[in-house]
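> fold the stuff below for me.
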Amino acid sequence: MSELKKQDKTLSKPADTNKPSKVYSVVLAAARVLLKTILPVKYHGLEHVSDMKAPYILMANHTTMLDPFMMAVAIPQYQIRFIGKKELWKIKPFAWFANQIRAIPVDRHNTDMEAMRACMRVTREGHVLGIFPEGTRHHEGLMTELESGVAMIALRSKVPLVPVYIAGKLGLFRTLHVYVGEPILMDDLRAEGINTQTCQALLGRITETYAALDAARPEA
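You can find the predicted model right below:
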């Protein structure tokens, strides 16, 4: 039985399915304390998501294991459904935690249609989907090689795609800056249909968006 089917079978859904679960809420509270004290994070552009209603996709460059927590603190009103590499589910404590927060395991080395359908279901049911377009961590910060599946999900979902840029290096008592940008426009691409050309065009816009967010931030 796949992890996604296990989640549907064993986890009860709250009356308000967008409301953070107990496990998610506890982790979120701990993350808030951590990101205000030992590993301080300063957020910019939260006005782009503070009043935004789900569903939408929140994407970020992936630099550390703490990136999902930084994203979660940015929008505490919703429980983000994150995508993660399926290898992590082989670690039992992580598998339990990931299933509790309804994370989505994905096979990065093959076309994973089950994960694709799960992502579409997340947005269709009115949730926030959290993705890392690079598919793995890159310590340089800026987007490098992007996974084409990200564009496919974004175009098919018909929901806003919100960029989050995590700038700088994480360090004890050293402030790291997180920039939330305006949703990336793609109605014109959706109107053209979903194909290789429109997916590549969207990936290009994503790359350009992160380059612009990086160029606009103040010098350290």
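> list the beta-bridge partners for the residue positioned nearest the centre of the chain.
Using Cα atoms, centre = their mean, the residue of the chain that lies closest to the mean C-alpha position is Gly130, 2.2 Å off. Judged by DSSP bridges, the bridge partners of Gly130 are Leu58, Phe82.
> now do the contacts for it.
Gly130 makes contact with Ile57, Leu58, Met59, Ala60, Pro68, Met71, Ile80, Arg81, Phe82, Ile83, according to Cβ atoms under 8 Å, 6 or more residues apart in numbering. Every C-beta, even on glycine, is put in place using the N, C-alpha and C of the backbone.
> would you check that the fifth one makes contact with Ile83?
Spelled out, that is Pro68. No: in this structure, Pro68 sits apart from Ile83 without contact. The criterion is Cβ atoms under 8 Å, and the distance is 9.8 Å.
> give me the residues contacting stretch 83-90.
Residues from elsewhere that reach stretch 83-90, judged by Cβ under 8 Å, 6+ apart: 3, 94-95, 98, 103-108, 115, 119, 129-132, 135-136.
> between Pro68 and Ile83, which has more neighbouring residues?
The neighbour comparison of Pro68 against Ile83 (other Cβ atoms under 10 Å) goes to Ile83, with 25 against 21.
> how much space separates that one from Arg108?
Plainly put, Ile83 is 10 Å away from Arg108 if you go by Cβ to Cβ, to the nearest Å.
> same question for Pro55.
Taken as Cβ to Cβ, the span from Pro55 to Arg108 is 24 Å.
> what of Thr209?
Distance, Thr209 to Arg108, by Cβ to Cβ: 23 Å.
> between the two, who's got more neighbours?
Taking neighbours as other Cβ under 10 Å, Thr209 and Arg108 compare with Thr209 leading, 20 against 15.
> tell me the pLDDT of the more buried one.
Reading off the per-residue confidence, Thr209 sits at a pLDDT of 95.
> repeat that for His139.
What the model reports for His139 is a pLDDT of 61.
> coming back round to it: so which of the contacts of Gly130 is the most crowded?
Met59 (27 neighbours).
> which ones are touching it?
Each residue near Met59 by Cβ under 8 Å, 6+ apart is listed here: Gly130, Ile131, Phe132, Pro133, Val150, Leu161, Val162, Pro163, Val164, Ile206.
> so which of these belong to strands?
Cross-referencing the contacts of Met59 against strands under DSSP state E gives Gly130, Ile131, Leu161, Val162, Pro163, Val164.
> on that earlier part again, what about the contacts of stretch 83-90, which are in strands?
Ile104, Pro105, Val106, Leu129, Gly130, Ile131.
> tell me which residues are up against the helix or strand harbouring Val27.
When elements are defined using DSSP states H and E, Val27 is found to belong to helix 22-34. The contact list for helix 22-34, computed with Cβ under 8 Å, 6+ apart, reads Pro20, Phe69, Met70, Ala72, Val73, Pro76, Gln79, Phe97, Gln100, Ile101.
> in this structure, which helix or strand is least confident?
Of all regular secondary-structure elements in the chain, judged by mean pLDDT, DSSP states H and E, the least confident is helix 3-10 with a mean of 56.
> for the residue nearest to Ala201 when sequence neighbours are not counted, grab phi and psi.
If you skip the residues right next to it in sequence, Ala201 has Leu189 as its closest partner in space, 5.7 Å away by Cβ to Cβ, 6 or more residues apart in numbering. When quoted as degrees, to the nearest 10, the phi and psi of Leu189 stand at phi -70, psi -40.
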